[in-house]
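> Need coordinates for the following:
(2 chains)
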Amino acid sequence: MDDEKEKGNEATESDLFAAADWAELTHECLINILSRLSLEDRWRGALRVCKAWHQACKDPCLNSVLDLEYYFDSASELPRFWTTEFERRIDNMLGSVVVWSAGYLTEIRVRHCSDRSLSLVAKRCPNLQVLCIKSCPHVTDEIMAEIASGCPKIKELDVSYCYEVSHKSLAIIGSHCPNLNVLKRNLMNWLDPSQHTGIVPDEYLNACPQDGDSEAAAISKFMPHLLHLELRFSKLTAKGLTLISEGCQDLEYVDLSGCANVTSRDIANASSNLKNLKSIKKPNFYIPRSVYHTERYGHWRLYDERFQTDVFRI
Amino acid sequence: MVTTDEKGPLTAKKKSVIIRSCDGDEFLVSESAAVLSTSLKKILEEKEDRLIHLSDIDNKTLAMVIAYLSTHADDGLSDDLKRSFDQEFVSGKEFDVLKYLVLATDTLQVTCLCYTVAKKMADIMKNKLVEWVRREFDIQNDYTPEAEAEIRRLDAWAWDDRQLEDD
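Next up, the predicted model:
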């Protein structure tokens, strides 16, 4: 072996190209291939092939983003997502990626994780810019406080459907993360929960946060640079909305769909403060899908179905 | 348009290199094409010799790589044409052929071809079982059954129950 290396140093062409074994592609080339695989193919395929590939899959450059949105979106929301078993699986995945990223993780888009993995994020992801953790029933204000101090570069935060997260989290994240400009804090449809029942546990649906105005106050006070704000089905009132319009004057996009406690007049008043506003979704954009409406608009649905079929035939 | 005369008539005369595959076939390649491979470029810089012997690339694979290099070194072709050439280049190729191409581009360090072939390989591996990948890529499983079970447990994909293909 050593002899061969010696000769290689003399740079004879034939030895420069020492026998290449498929399993021993250069690290760069292997990573080049692996980086083109979907996350699922990498985890379920490449990662388990052999030790060299496993090692390559853990390379920090393949682990700077963990985006599972596609996989949540593609399956219809299953009751299974709300089990502790599934939460454990997501925690494990997030935990692994945090370790493999070696501090370079910049984007996390998952759902149903818990404080178990997030405490690791808080400790080891100083470069995190996007944190989307929708539908995490066990994420609390305590862990969000840790995130706030460990991840000061956060620009985008999505804590929709996280009912243990309160205005305290919003305040502390806002005060520690000066770059924050996107906040999504949507709640589930409480006006007509039929789309969630059977999937989301009833007691969780009933635990819907009530203090929309305290959240609005925290947003107004601690997140002055927001450009994009989503508060679907928030229970905020005119008071909260006015605070937001005074505190977050850069806002360009506001989604208030389903915010049943604000009127068109409240929205008009608030909008007049927001000079950069490009789009505002008003509560009345929302049409409840109650039985009454299904019957009433039944003919529309039929029309829709026929229309869709035609689209696919083309 | 870049003309070959820019650098003066002598140096602009297209220099050629002879590349020999492991099975002894020789290919005449213009230097401008050869230097697209970082490895060949290094050799040419170090040596005056115009004969390069590649001990582990067979003539079939080498012919393909050289066709690729020559096309990409041709200043007369537009980028669009080169892109569609790339598409053609990998489409319809047997898996084994691609396998040798990846290895060859890896040893020769042809960045742009590596990109194209890597993408094609990744497309092939889509939705495939581990066993399929090992079989087709001819990779030895160096895990003990216990170690493999441990990997599957520790680095489990959250939706592991979804079906994958084995052919």
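> got the contact list for B:Met125?
Counting by Cβ atoms under 8 Å, 6 or more residues apart in numbering or on different chains, B:Met125 touches A:33, A:37, A:41, A:45-46, B:133. Every residue, glycine included, has its C-beta placed from N, CA and C.
> One more: A:Gly45?
A:37, B:125, B:128-130, B:133, B:164.
> Can you show me the strands along the stretch 151-300 of chain A?
A:156-158, A:182-184, A:228-230, A:253-255, A:279-281 (DSSP state E, counting those that start in this stretch).
> most packed of those strands?
Most buried of the strands of the stretch 151-300 of chain A by mean neighbour count (mean count of other Cβ atoms under 10 Å in any protein chain shown) is strand A:156-158; its value is a mean of 22.
> Which of the contacts of A:Gly45 fall within helices?
B:125, B:130, B:133 (DSSP state H).
> one step back: neighbour-wise, which one of the contacts of B:Met125 leads?
Highest neighbour count within the contacts of B:Met125, by other Cβ atoms under 10 Å in any protein chain shown: A:Gly45, with 26 neighbours.
> Torsion angles phi and psi at it?
Torsion angles at A:Gly45 (phi, psi; degrees, to the nearest 10) stand at phi -110, psi -90.
> again, but for B:Ser30
Torsion angles, degrees, to the nearest 10, at B:Ser30: phi -70, psi 150.
> Now for the most centrally placed residue in chain B: which residues touch it?
Geometric centre of chain B, nearest residue: B:Thr105, 2.9 Å, by Cα atoms, centre = their mean. By Cβ under 8 Å, 6+ apart, the residues touching B:Thr105 are A:29, B:65, B:113-114, B:117.
> Likewise for A:Asp59?
With contact set as Cβ under 8 Å, 6+ apart, A:Asp59 has these partners: A:27, A:31, A:100.
> ok, now how distant is it from chain B?
14 Å (Cβ to the nearest Cβ, to the nearest Å).
> As a check, name the ranges of all strands in chain B.
B:16-20, B:26-30, B:51-53 (DSSP state E).
> Identify the residues contacting A:Phe72.
A:81, A:111.
> Okay, now the unreliable bits of the chain?
Reading this off chain A. Applying pLDDT under 70 to chain A picks out residues A:1-24, A:75, A:77, A:284-314.
> You answered for a different chain; I wanted chain B.
In chain B (pLDDT under 70), the answer is B:1-14.
> all helices of it, in order?
Under DSSP H, chain B gives helices at B:9-12, B:31-34, B:38-46, B:59-73, B:79-90, B:95-108, B:111-125, B:130-137, B:145-154.
> list the helices and strands the fourth one packs on?
So that's helix B:59-73. strand B:26-30, helix B:31-34, helix B:79-90, helix B:95-108, helix B:111-125 (3 or more Cβ pairs under 8 Å, 6 or more residues apart in numbering or on different chains; DSSP states H and E).
> Give the buried residues for the longest one.
Right, the one you point to is helix B:111-125. Buried residues in helix B:111-125, counting neighbours by 16 or more other Cβ atoms under 10 Å in any protein chain shown, are found at B:113-114, B:116-122, B:125.
> what's the closest of these to chain A?
Taking Cβ to the nearest Cβ as the measure, B:Ala122 is the one of those closest to chain A, at 3.5 Å.
> so who does the closest one touch?
Residues counted as contacts of B:Ala122 (Cβ under 8 Å, 6+ apart) are A:33-34, A:36-37, A:41.
> Surely B:Ile57 is in contact with B:Asp23?
No: applying Cβ atoms under 8 Å, one finds B:Ile57 not in contact with B:Asp23, separated by 9.3 Å.
> More neighbours: which of those two?
B:Ile57 (25 against 10).
> Find the nearest non-adjacent residue to that one, please.
Residue nearest to B:Ile57 in three dimensions, not counting chain neighbours: B:Ala104, with 4.9 Å by Cβ to Cβ, 6 or more residues apart in numbering or on different chains.
> Next one: A:Glu252 from A:Val182, what distance?
Per Cβ to Cβ, to the nearest Å, A:Glu252 is found 10 Å from A:Val182.
> what do these two both touch?
Contacts common to A:Glu252 and A:Val182, judged by Cβ under 8 Å, 6+ apart, are A:227-228.
> circling back to that earlier point, are any of the contacts of A:Asp59 buried, and if so which?
Of these, these count as buried by 16+ other Cβ under 10 Å: A:31, A:100.
> Export the contacts of A:Asp59 to JSON lines and append columns for distance to A:Pro283.
As requested, these are arranged in JSON lines below (distance: Cβ to Cβ, whole Å):
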{"residue": "A:His27", "distance to A:Pro283": "54"}
{"residue": "A:Ile31", "distance to A:Pro283": "49"}
{"residue": "A:Trp100", "distance to A:Pro283": "43"}
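> how about the strands of chain B in JSON lines, adding mean neighbour count?
Below are these laid out as JSON lines (neighbours: other Cβ atoms under 10 Å in any protein chain shown):
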{"stretch": "strand B:16-20", "mean neighbour count": "19"}
{"stretch": "strand B:26-30", "mean neighbour count": "17"}
{"stretch": "strand B:51-53", "mean neighbour count": "17"}
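> and A:Met223, which of those strands is closest to it?
strand B:26-30 (60.9 Å; Cβ to Cβ).
> Nearest to chain B: which residue in the stretch 1-150 of chain A?
Relative to chain B, the nearest point of the stretch 1-150 of chain A is A:Arg36 (3.5 Å; Cβ to the nearest Cβ).
> Verify the stated contact: that residue with B:Val117.
No: A:Arg36 is not in contact with B:Val117 according to Cβ under 8 Å; the separation is 10.4 Å.
> got any residues that touch both of those two?
Common neighbours of A:Arg36 and B:Val117 (Cβ under 8 Å, 6+ apart) do not exist.
> quick one on the thing from earlier: list just the nearest of the buried residues of helix B:111-125 to B:Arg152.
For the buried residues of helix B:111-125, the minimum distance to B:Arg152 (Cβ to Cβ) is 17.9 Å, reached by B:Met125.
> A:Tyr161 versus the closest one, what's the distance?
Applying Cβ to Cβ to B:Met125 and A:Tyr161 gives a distance of 35 Å.
> just to revisit the earlier point, could you tell me how many residues sit around the residue of the stretch 1-150 of chain A closest to chain B?
Residues near A:Arg36, counting by other Cβ under 10 Å, number 18.
> again with the one 3 residues further on
Close neighbours of A:Leu39, defined as other Cβ under 10 Å, add up to 17.
> Kindly report the same for A:Asn276.
Each residue near A:Asn276 was counted by other Cβ under 10 Å, and the total is 10.
> For the residue nearest to it when sequence neighbours are not counted, give me its contacts.
For A:Asn276, ignoring the flanking residues on the chain, the nearest one in space by Cβ to Cβ, 6+ apart is A:Glu252 at 5.2 Å. A:Glu252 sits next to A:227-228, A:276-279 when contact means Cβ under 8 Å, 6+ apart.
> can you rerun that using 6 Å?
A:Glu252 makes contact with A:227, A:276, A:278, according to Cβ atoms under 6 Å, 6 or more residues apart in numbering or on different chains.
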